[in-house]
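1. sequence-free structure coming up:
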């Protein structure tokens with residue numbers, strides 16, 4: 001894959017929460033018909049594993065949040081909507097979420113998938129890409145960065 005204008009890194013945060021902004025970007029781009037087909041197969045609550053996890057974390061239905069995103073508003077307004085229509089996690093829960101998501105693929109059950117994706121993309125197994133977030137950034141031609149609290 002390559003850089004997709006308007007699609008941010010999964011490391012970027014909204015309200016301190018990783019990945020949420022990326023999910024919103026995917027919804028917006030898909031609604032405009034600007035999300036590449038390869039990405040469209042990984043959205044929502046059926047095939048978008050990270051989207052599923054994010055919605056479960058906030059206890060909101062993907063279809064409902066999609067409809068809310070398409071109505072418009074800032075990322076912060078949509079996050080507040082999610083808190084009101086799902087739940088607002090505690091600071092500790094956000095810390096755990098961020099740690100889990102930002103390390104997915106590093107010494108866990110997703111490691112095999114990360115290796116598969118690296119091989120599929122022809123990327124080196126040199127240790128520079130340790131997580132799925134790293135892979136996404138590298139695959140989308142972003143400089144690698146690590147999550148910091």
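-> Perfect, thanks for sending it. Since the model is a prediction, treat every value here as computed from it, not as a measurement.

2. name the SS class of the residue of the chain positioned farthest from its centre, please.
-> The C-alpha centroid of the chain is most remote from residue 126, which lies 23.9 Å away (Cα atoms, centre = their mean). With DSSP: H, G, I helix; E, B strand; the rest coil as the basis, the three-state label of residue 126 is coil.

3. so it versus residue 80, what's the distance?
-> Distance, residue 126 to residue 80, by Cβ to Cβ, to the nearest Å: 42 Å. For every residue, glycine as well, the C-beta is placed using N, CA and C.

4. mind showing which ranges of the protein have poor pLDDT?
-> Residues of the chain that meet the criterion pLDDT under 70 lie in 1, 45-48, 146-149.

5. residue 134 contacts residue 144, correct?
-> Yes - between residue 134 and residue 144 there is a contact under Cβ atoms under 8 Å: 5.7 Å.

6. give me the common contacts of these two.
-> Common neighbours of residue 134 and residue 144 (criterion: Cβ atoms under 8 Å, 6 or more residues apart in numbering): residue 128.

7. of these two, who's got more company?
-> Neighbours were counted for residue 134 and for residue 144 using other Cβ atoms under 10 Å; residue 134 has more, 26 against 15.

8. show me what the host helix or strand of that one is packed against.
-> Here residue 134, judged by DSSP states H and E, is contained in helix 132-139. The contact analysis (3 or more Cβ pairs under 8 Å, 6 or more residues apart in numbering; DSSP states H and E) places helix 132-139 against helix 111-121.

9. now do the domain split for the chain, please.
-> 7-88, 103-144 (automatic domain parsing).

10. and of the ones you listed, who's closest to residue 96?
-> Each of the domains of the chain has some distance to residue 96 by Cβ to Cβ; the shortest is domain 7-88, at 9.6 Å.

11. need the distance between the two termini of the closest one.
-> This stretch, domain 7-88, spans 25 Å end to end (Cα to Cα, to the nearest Å).

12. isn't residue 132 up against residue 104?
-> Yes - the criterion here is Cβ under 8 Å, and residue 132 meets it with residue 104 at 4.6 Å.

13. how are the helices of the protein distributed by residue range?
-> For the chain, the helices defined by DSSP state H occupy 20-31, 37-40, 49-58, 62-71, 75-85, 91-102, 111-121, 132-139.
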